[in-house]
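A.B. asks: Structure of the sequence below:
(4 chains)
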Number of protein chains: 2
Amino acid sequence: METRELRYFVAVAEELHFGRAAQRLGIAQPPLSRAIGQLERRLGVTLLERTSRSVTLTEAGAVLLREGQAALDAVEAAERRTRRAALAATGRPGLVLVTKAGASGELLPKLLDAYAAEPGAVAVDVLLCGIGEQERLLRDGRADVALLHRPFDSTAGFDVEELCTEGQVVVLPAGHPLTARAHLRMADVTALPGLPMPRWPGRDGTYPDGPGPQVRDHAQLLQLIALGRASAVLPESCRAHLRSDLAAVPVLDAPSVTTVIAWPPHSRSRALAGLVRVATRL
Amino acid sequence: METRELRYFVAVAEELHFGRAAQRLGIAQPPLSRAIGQLERRLGVTLLERTSRSVTLTEAGAVLLREGQAALDAVEAAERRTRRAALAATGRPGLVLVTKAGASGELLPKLLDAYAAEPGAVAVDVLLCGIGEQERLLRDGRADVALLHRPFDSTAGFDVEELCTEGQVVVLPAGHPLTARAHLRMADVTALPGLPMPRWPGRDGTYPDGPGPQVRDHAQLLQLIALGRASAVLPESCRAHLRSDLAAVPVLDAPSVTTVIAWPPHSRSRALAGLVRVATRL
DNA sequence: GGCGGCGATACCTCCCGAGTATCGATCCGG
DNA sequence: CCGGATCGATACTCGGGAGGTATCGCCGCC
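C.D. replies: Have a look, this model is predicted:
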């Protein structure tokens, strides 16, 4: 199977529309129809059920969509990492570390400082990205290493080392009655009147249904909490840089959050190994 | 980058010889030279240093070899799993479980029996393979799930659940003086006169240098031990089906072996989830 | 210095991927 | 119930590129 075929199929499977998929791919619709047909014939598998009004994935098609995306990411990663290896050989080697903006508290600066003090340390570019993007960046080679937070981020398919575990706190507007309490339980905070939990976008960029406001990043979230429109349960390290108009109360039975350092399996880079070693000894 | 280019490059990088690589690929040598040249030009990276007498990998080339193999495995896996998904939808769904021949003791039959008793269980094909092959089979989609043994097998890139941990024993010919001892230490067994540790083949099929005999599987190994030509440190579950002409003595300070059940990340199969659930409850 | 092995180059052929035009089916408004 | 709109499939043509053969240039070696 050629990557061209995979790209074509993934486009159609995502759009569920040959015309739009062709447009996205920058080709005409007929060659796309033919390519998918050939792919199905060669695999001996029906991937799409099509009427002239709608296109739907078969079960096998859903498998190929998922596996195909992973395979395309792997190919892209091979290309990116090769280019980076060539740069590293001639110019400056470097690592790209990706993490969520607003998370990780004091861990990230401490890690960067400690690593920079190591002999043989290379430059570390920090990439701050939105929720759920880290996995993709790490998988397709745009990043070398990530700080992830279980159980929120999936670490499937990566090598990981645990760095630290912390409890969670509920973040409320300063002055909210509950801020007087020393600690709370999930039951106290899941259905606060007028302070619903926000909704985060899924992988596909759409928001689940529900009562809470839609948020895209931590700044938006904190703003909404300060406005008295939402509340949120966050790792307790967020207290270190909490705005003065917000307050945090520990939630005893919230699942604890583990910060892990993750990297693609089979990485052989000395620099990466050094960074991980420093991180685990922090 | 097309998979064709990747396949071509991987062949050349493994053979380090354009002629042989072309033969392996079933094409003539000139198109292969051209394809590699184009790939290098498009990437803007020198992958191979070639004189008319030898071909060697650059650092970037080594990266592309490793990443390219992984990417090709991912593509192959996408294809295989799609075919299997189509089969499962029409005919009999099934799981392929791969493990090392001779390992796993009583765990495997217990797991299979317990799973078969579950409601909604599907057929499980068991694939017994040689040392170090499991990883490949799982990665390229020929198997759905594996029983691996840490620290011997690499679990990099897979999701795993630990099943059990056991100590190790040294296996000796029956009647050997040391079999009288209740337990031993690694120092006692690493350099037994006349009973060297065997050498296992590496990933590439070649054997490391050393004194011990070369072995490919457990049957060969046990035969050699019975002949008084070797000794081996193995997980203690091997005692359950030890030949009568062999004896085993616990080695207190040998690293303990953890049997894990491993599967490719992002698997969404109900059957696989059921098997893993049964395994962890065993 | 001629020979043999190896990778690169030149040149040719042909297949396949992409484009245009069109068909056939389905849904919708009137 | 019919005509138009939408959408995927098919027929046909064209051009680029993948692959083959022949050959060159380079280097080590007897």
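A.B. asks: how about stretch A:148-159 against chain B, any contact?
C.D. replies: Yes. Applying CB under 8 Å from any CB of the partner chain, one finds stretch A:148-159 touching chain B at A:Ala156, A:Gly157, A:Phe158, A:Asp159. (Each C-beta comes from the backbone N, C-alpha and C, glycine too.)
A.B. asks: so which of those comes closest to DNA strand D?
C.D. replies: Comparing the residues of stretch A:148-159 next to chain B against DNA strand D with CB to the nearest atom of the strand picks out A:Gly157 as the nearest, at 30.7 Å.
A.B. asks: which bits of the stretch 1-150 of chain A sit near DNA strand C?
C.D. replies: With CB under 7 Å from any atom of the strand as the criterion, the stretch 1-150 of chain A meets DNA strand C at residues A:Arg4, A:Gly26, A:Ile27, A:Ala28, A:Pro30, A:Pro31, A:Arg34, A:Ala35, A:Gln38, A:Thr51, A:Ser52, A:Arg53.
A.B. asks: What residues does the first one make contact with?
C.D. replies: If I follow you right, that is A:Arg4. A:Ala35, B:Glu2 (CB atoms under 8 Å, 6 or more residues apart in numbering or on different chains).
A.B. asks: and the angle for the helix or strand harbouring it with helix B:3-15?
C.D. replies: Secondary structure from DSSP states H and E places A:Arg4 in helix A:3-15. Relative orientation of helix A:3-15 versus helix B:3-15 (axes from the mean of the first three to the mean of the last three CA atoms, to 10 degrees): 130 degrees.
A.B. asks: tell me the average confidence for helix A:3-15?
C.D. replies: Averaged across helix A:3-15, pLDDT comes to 94.
A.B. asks: where are the low-confidence patches of chain A?
C.D. replies: Across chain A, the ranges flagged by pLDDT under 70 are A:91, A:102-105, A:203-205.
A.B. asks: anything in the longest helix belonging to it sitting right up against DNA strand D?
C.D. replies: Secondary structure of chain A read by DSSP state H shows that its longest helix is helix A:59-90. No. Helix A:59-90 stays out of contact with DNA strand D when judged by CB under 7 Å from any atom of the strand, the minimum separation being 12.6 Å.
A.B. asks: who wins for most neighbours among the residues of the stretch 1-150 of chain A next to DNA strand C?
C.D. replies: Of all these, A:Ala35 has the most neighbours under the rule other CB atoms under 10 Å in any protein chain shown, reaching 20 neighbours.
A.B. asks: If you drop the residues flanking it in sequence, what lies closest to A:Leu195?
C.D. replies: For A:Leu195, the nearest residue in space outside its immediate sequence neighbours is A:Ser231; the separation is 4.0 Å by CB to CB, 6 or more residues apart in numbering or on different chains.
A.B. asks: what about that neighbour, neighbour count?
C.D. replies: For A:Ser231, the count of nearby residues is 25 (other CB under 10 Å).
A.B. asks: Wait, it touches A:Val189, no?
C.D. replies: Yes. Using CB atoms under 8 Å, A:Ser231 is in contact with A:Val189, at 6.4 Å.
A.B. asks: what is in contact with these two at once?
C.D. replies: Taking CB under 8 Å, 6+ apart as the criterion, A:Ser231 and A:Val189 both touch A:Val170.
A.B. asks: what's the distance between the helix holding A:Arg4 and the middle of its chain?
C.D. replies: Distance of helix A:3-15 from the chain centroid (CA atoms, centre = their mean, to the nearest Å) equals 22 Å.
A.B. asks: what angle do that helix and helix A:59-90 make?
C.D. replies: Interaxial angle of helix A:3-15 relative to helix A:59-90 (the same axes, to 10 degrees): 120 degrees.
A.B. asks: list the buried ones in helix A:3-15?
C.D. replies: Using 16 or more other CB atoms under 10 Å in any protein chain shown as the test for burial, helix A:3-15 gives A:Thr3, A:Glu5, A:Leu6, A:Arg7, A:Tyr8, A:Phe9, A:Val10, A:Ala11, A:Val12, A:Ala13, A:Glu15.
A.B. asks: For A:Cys164, see how far away the fourth one is.
C.D. replies: According to CB to CB, to the nearest Å, A:Arg7 stands 40 Å off from A:Cys164.
A.B. asks: Ok, the fifth one next?
C.D. replies: Here the criterion is CB to CB. By it, A:Tyr8 lies 44 Å from A:Cys164.
A.B. asks: Residue of the stretch 151-282 of chain A closest to DNA strand C, please.
C.D. replies: A:Thr206 (23.3 Å).
A.B. asks: if I've got this straight, that residue is in a strand?
C.D. replies: No. Using DSSP: H, G, I helix; E, B strand; the rest coil, the assignment for A:Thr206 is coil, not a strand.
A.B. asks: mind checking how far it is from A:Ser33?
C.D. replies: To A:Ser33, A:Thr206 is 27 Å away according to CB to CB.
A.B. asks: now swap in A:Pro198 and tell me
C.D. replies: The gap separating A:Pro198 from A:Ser33 is 42 Å, by CB to CB.
A.B. asks: Give me the more crowded residue out of these two.
C.D. replies: Using other CB under 10 Å, the more surrounded residue of A:Pro198 and A:Ser33 is A:Pro198, with 20 against 17.
A.B. asks: which residue lies farthest from the center of chain A?
C.D. replies: In terms of distance from the mean C-alpha position of chain A, A:Ser52 ranks first, at 36.4 Å (CA atoms, centre = their mean).
A.B. asks: Assign a three-state SS to it, would you?
C.D. replies: What three-state DSSP gives for A:Ser52 is coil.
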